[in-house]
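Asks: Here is a sequence together with a model predicted from it:
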Amino acid sequence: MAKVFVFDHPLIQHKLTYIRDKNTGTKEFRELVDEVATLMAFEITRDMPLEDIEVETPVQKTKSKVLAGKKMGLVPILRAGIGMVDGILKLIPAAKVGHIGLYRDPETLKPVEYYAKLPSDVEERDFIVVDPMLATGGSAVEAINSLKKRGAKHIKFMCLIAAPEGVDVLKEAHPDVDIYIAALDEKLNDHGYIVPGLGDAGDRLFGTK
Ligand code: PRP
Ligand code: URA
């Protein structure tokens with residue numbers, strides 16, 4: 001069964017408050033999303049495998065640990081997932097980046113895929129799918145379907161804010177995908193928006209309305 005991790009780190013919670021604030025403008029919103037993505041990447045990479053190598057300090061030779069060279073892939077769900085990419089790449093700069101484009105049909109709230117471009121060696125990579133919002137869960141489920149259809153086997157999902165409804169839907173559809181969340185909110189409203197949430201993540205990141 002999928003594990004769900006809600007990050008309670010004070011720096012993440014502090015920055016998230018200003019991300020939620022409707023008076024936070026586009027520039028600051030982008031910067032904060034970038035910073036929170038970096039902090040979340042620090043936590044999400046906690047289980048990365050290590051190996052020993054020999055290193056010579058000014059004092060003597062010793063064994064010390066380095067990352068065991070796992071191949072990583074980062075997949076933002078367009079558009080809003082793009083806002084989290086650079087922040088994560090600061091910590092895992094060698095990750096390849098794929099893109100999956102989905103929008104929610106405003107009537108049905110169902111995701112519609114309009115773009116997918118992934119690294120060629122999908123089977124060999126460990127993926128982190130990122131999107132600031134997990135609302136009904138439709139977009140995350142569909143993006144992960146798309147990734148699995150192309151051969152991905154190891155996938156984590158990371159978002160800033162989730163609704164309980166979306167978490168349940170994602171867990172049910174992809175029990176092998178662990179979910180990493182900065183805040184688990186109260187509910188969805190009648191328009192499928194997360195309450196209290198942060199509004200429309202894509203519009204706030206890119207300054208559109
Ligand atoms: C937003 C958000 C997620 C999706 C979440 O994207 O970035 O991708 O909604 O909702 P769900 O869990 O109910 O599927 P949106 O569809 O507004 O597209 P955009 O990023 O292009 O603005
Ligand atoms: N997508 C958003 O951007 N915000 C929400 O609250 C729900 C879906």
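Replies: In hand now; what should we look at? Residues are numbered from 1 along each chain as shown. Ligands and ions are numbered 1, 2, ... in the order given.

Asks: quick one, what contacts residue 65?
Replies: Shown in contact with residue 65 (C-beta atoms under 8 Å, 6 or more residues apart in numbering): 50-53. Yep, even glycine has a C-beta here, placed from its N, CA and C like the rest.

Asks: Would you mind putting these into TSV with distance to residue 111 and secondary structure alongside?
Replies: As requested, the contacts of residue 65 are exported to TSV (distance: C-beta to C-beta, whole Å; DSSP: H, G, I helix; E, B strand; the rest coil):
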residue	distance to residue 111	secondary structure
50	37	strand
51	39	strand
52	44	strand
53	44	strand
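
Asks: Averaged over its residues, which helix or strand of this protein has the lowest pLDDT?
Replies: None of the helices or strands of the chain scores lower by mean pLDDT, DSSP states H and E than strand 99-104, at a mean of 91.

Asks: List the neighbours of it that are in contact with it.
Replies: In contact with strand 99-104 (C-beta under 8 Å, 6+ apart) are residues 75-79, 110-118, 129, 136, 138-139, 142-143, 146-147, 192.

Asks: Next, work out how far apart residue 64 and ligand 1 are.
Replies: According to C-beta to the nearest ligand atom, to the nearest Å, residue 64 and ligand 1 sit 41 Å apart.

Asks: partners of the helix or strand harbouring that residue in the sheet?
Replies: Taking DSSP states H and E as the criterion, residue 64 maps to strand 61-67. Using DSSP bridges, strand 61-67 pairs in its sheet with strand 50-56 (antiparallel).

Asks: Return the member of the contacts of residue 65 nearest to ligand 1.
Replies: The nearest member of the contacts of residue 65 to ligand 1, counting by C-beta to the nearest ligand atom, is residue 50 at 33.4 Å.

Asks: Contacts only, for that closest one.
Replies: Contacts of residue 50 (C-beta under 8 Å, 6+ apart): 65-68.

Asks: Tell me the most packed of these, by neighbour count.
Replies: residue 67 (13 neighbours; other C-beta atoms under 10 Å).

Asks: Measure how buried the closest residue in space to residue 162 that isn't next to it in sequence is and give me the count.
Replies: In this structure, residue 162 finds its nearest non-sequential neighbour in residue 134, 3.9 Å apart by C-beta to C-beta, 6 or more residues apart in numbering. Counted with other C-beta under 10 Å, the neighbours of residue 134 add up to 28.

Asks: Any figure for the gap between residue 134 and ligand 2?
Replies: Taken as C-beta to the nearest ligand atom, the span from residue 134 to ligand 2 is 8 Å.

Asks: if I read this right, that residue contacts residue 166, doesn't it?
Replies: Yes - counting by C-beta atoms under 8 Å, residue 134 does reach residue 166; the two are 4.0 Å apart.

Asks: How about the helix ranked longest in the chain, which residues are buried there?
Replies: Counting by DSSP state H, the longest helix found in the chain is helix 26-44. For helix 26-44, a neighbour-count test (16 or more other C-beta atoms under 10 Å) marks 29-30, 32-42, 44 as buried.

Asks: Noted, bye for now.
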